[in-house]
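Trainee: quick one: sequence and predicted model below, then my questions.
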Amino acid sequence: MSITHNTPDNIPAANEILSSDALAFVEALHEKFADRREELLGKRETARAKAAESGTMDFLPETREVREGDWKVAPAPAALQDRRVEMTGPASPAKMAINALNSGAKVWLADLEDAASPSWANQVDAIANLRDAARGTLGFTSPEGKEYKLREDVPLAVVVMRPRGWHLPEYNITVNGKTGSGSLTDFGLHFFHTAKQLIENGQGPYYYLPKMESYLEARLWNDVFTFAEDYLGIEHGTVRATVLIETIPAAFQMDEILYELRDHASGLNAGRWDYLFSIIKYFRDAGEKFILADRSAVTMTAPLMRAYTDLLVQTCHKRGAFAMGGMAAFIPSRKDEEVNRAAFEKVRNDKTREANDGFDGSWVAHPDLVPVCQEVFDGVLDEKPNQVDHQRPDVDVTAEMLLDVPSAGDQRTEKELNANLYVAIRYVAVWLSGSGAVAIHNLMEDAATAEISRSQIWQQIKNGVVYTDTDNTATRELVSDALDTQLEVLRGEIDQENYEKWFVPAGRLISNMVLREDYPAFLTLSAYDLMEGSK
């Protein structure tokens, strides 16, 4: 075999997950598709530079026939007809996986990407947990003796696994002397170990696909699925994929992405923070009109966000696909009922807007939010499993509407600068230590939060933003001082050993990200190099 792996002896289930047959499949995926992956990643910066130079982008003229054509994606399988509430969260550790499966949600987005810290131990454990969940054998006993088991009195959430994006490597896998792909590794191991069992269970291998920037990247995924089905002797079209529209170029190619995946497509999802992060990244050097307001001030009712979500619902339902809403990231407080009351009201309002706009379901980050989301969508769907029949002929979205960043407002505050630094450092520190989903100030934060936080700061320095609450100008000196202040705040909250081990390197990484002249494409790529167990 031309595939090798670097796996410590102390990773449970590694021998089973990294069996010779499973590795042979991962190897075959790399040999057939790794070069195309590299080629497509190389095209990303060319496309971005073109958009930044012109200060705009548009729907592709070469794919007009696809947008104007009369076609639909394959009908959804029974297990994915009702997606009104989707729980999100990492598939490792087992306790979190069990809680998600037992949450009462219709679907669990089992996340090996933004809500996961991709140490090799975590990735292997996630696959083992998903394999055991498919078998119905997943269980966990805490050191205190508390047992966690899969419920038998209610249906478990249907698993839709999110592998890492095309850009992320897997250093612990080497094929023909080249570093492995996180996407192909995650998908390959999951598909190999669960596909046939899931089919036997009346479900199937279902996936959420993140971070795509073009329909050609969707075509690559479609070819991966077709190859995988043939490899295991599974009927074509058994794999189903929901694509996260969380980059600005993908927003201009929704029809095309569904078309490329049409035999395997299930729907599209509106991913808020990564979408805004992508706008900043794409147009970071395109002038003042692309300077985003404070992220906390950019609501889903802002005109550019309404254009994005309305177009997504219209496109999905026109093509017979599901439109999935965004994240309710609130984590209920066990101490402050007033905080809970205000937050639950915001969640209810947000989900009501999505349901009334035509979304077929939405995401929540905590089991306590499942009933709220369920109640809202029950009120709109009634006995129907979805509302794909809710067409949106009223929607007419232009390129200018998708790029109307000023419509989100001009509030840019030094208070938010400090909040962004605090969240980015704290998240990266916990990510480096092995946890990918972090509760900060009653919100579940993931990698997308850190990405937009550090990107906003870089953009503000680049453009010399004057903060509306202090009249101070964003400079490297001001941001450096603010970063030191936030590190001191964190020092007071964290024990000294963990502060030195995780928060000091996290602070250095964020400092480098926001203060350097050039713009690093992904925070997670640099953070991955610092992570214990990544290599």
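Mentor: Thanks, I have the structure now.
Trainee: immediately after the lowest-mean-pLDDT helix or strand in the chain, which helix or strand?
Mentor: Between all helices and strands in the chain, the lowest mean by mean pLDDT, DSSP states H and E belongs to strand 443-445, at a mean of 73. Downstream of strand 443-445, the next assigned helix or strand under DSSP states H and E is helix 447-463.
Trainee: which helices and strands does that following helix pack with?
Mentor: Using 3 or more C-beta pairs under 8 Å, 6 or more residues apart in numbering; DSSP states H and E as the contact test, the elements touching helix 447-463 are helix 272-282, helix 414-433, helix 476-493, helix 504-515, helix 523-530. Where C-beta positions appear, they are placed from N, C-alpha and C, glycine not excepted.
Trainee: report the angle between the last one and helix 447-463.
Mentor: To tie it back to what came earlier, the one meant is helix 523-530. If you take axes from the mean of the first three to the mean of the last three C-alpha atoms, to 10 degrees, helix 523-530 sits at 110 degrees to helix 447-463.
Trainee: export helix 523-530 as PDB, just CAs?
Mentor: Coordinates of each C-alpha in helix 523-530 appear next as PDB, following Å, rounded to 0.1, in the frame of the first residue of the first chain:
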ATOM      1  CA  LEU A 523      -7.000  30.600  11.000                       C
ATOM      2  CA  THR A 524      -7.500  26.800  11.400                       C
ATOM      3  CA  LEU A 525      -4.600  26.000   9.000                       C
ATOM      4  CA  SER A 526      -2.200  27.900  11.200                       C
ATOM      5  CA  ALA A 527      -3.700  26.600  14.400                       C
ATOM      6  CA  TYR A 528      -3.600  23.100  13.200                       C
ATOM      7  CA  ASP A 529       0.200  23.300  13.100                       C
ATOM      8  CA  LEU A 530       0.300  24.100  16.800                       C
END
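Trainee: make 35 the first number, not 1, from now on.
Mentor: Right, with 35 as the first residue, what we last looked at is helix 557-564.
Trainee: which element follows the helix or strand encompassing Tyr205 toward the C-terminus?
Mentor: Using DSSP H and E, Tyr205 maps to strand 203-209. Elements were assigned by DSSP H and E; along the chain past strand 203-209, the next helix or strand is strand 212-215.
Trainee: how much space between the most centrally placed residue in the chain and Arg198?
Mentor: Closest to where the C-alpha atoms of the chain average out (C-alpha atoms, centre = their mean) is Asp148, at 5.0 Å. For Asp148, the distance to Arg198 under the criterion C-beta to C-beta, to the nearest Å works out to 9 Å.
Trainee: quick check: neighbours shared by these two?
Mentor: Taking C-beta atoms under 8 Å, 6 or more residues apart in numbering as the contact criterion, the common neighbours of Asp148 and Arg198 are Pro244.
Trainee: what helix or strand is Gly359 located in?
Mentor: Assigned by DSSP H and E, Gly359 belongs to strand 356-362.
Trainee: between that strand and helix 306-316, how big is the angle?
Mentor: Using the same axes, to 10 degrees: strand 356-362 against helix 306-316 is 90 degrees.
Trainee: ok, Gln231 - contacts?
Mentor: When the contact criterion is C-beta under 8 Å, 6+ apart, the partners of Gln231 are 165, 168-169.
Trainee: these two touch, right, Arg70 and Trp255?
Mentor: No. Contact criterion C-beta atoms under 8 Å: Arg70 and Trp255 do not qualify, at 10.7 Å.
Trainee: which one of these two has more residues nearby?
Mentor: Trp255 (24 against 16; other C-beta atoms under 10 Å).
Trainee: wait, isn't that one in contact with Pro244?
Mentor: No. The pair Trp255 / Pro244 is not scored as a contact, 10.8 Å apart, by C-beta under 8 Å.
Trainee: spit out the contact partners of the residue nearest to Asp297 when sequence neighbours are not counted.
Mentor: Using C-beta to C-beta, 6 or more residues apart in numbering and skipping the chain neighbours, the partner closest in space to Asp297 is Gly271 (4.7 Å). Residues near Gly271 by C-beta under 8 Å, 6+ apart: 108, 263, 297-298.
Trainee: mind checking pLDDT for Gly468?
Mentor: Looking at Gly468, its pLDDT stands at 88.
Trainee: do Trp307 as well
Mentor: The score at Trp307 is 86. That number is its pLDDT.
Trainee: one step back: quick one: closest of the helices and strands packed on helix 481-497 to Ala125.
Mentor: Go through those one by one with C-beta to C-beta and the one that ends up closest to Ala125 is helix 448-467, at 15.9 Å.
Trainee: how far out from the middle of the chain is that closest one?
Mentor: A distance of 18 Å separates the centroid of the chain from that of helix 448-467, by C-alpha atoms, centre = their mean, to the nearest Å.
Trainee: mind listing what's buried in it?
Mentor: Residues 448, 450-467 are the ones in helix 448-467 that count as buried (16 or more other C-beta atoms under 10 Å).
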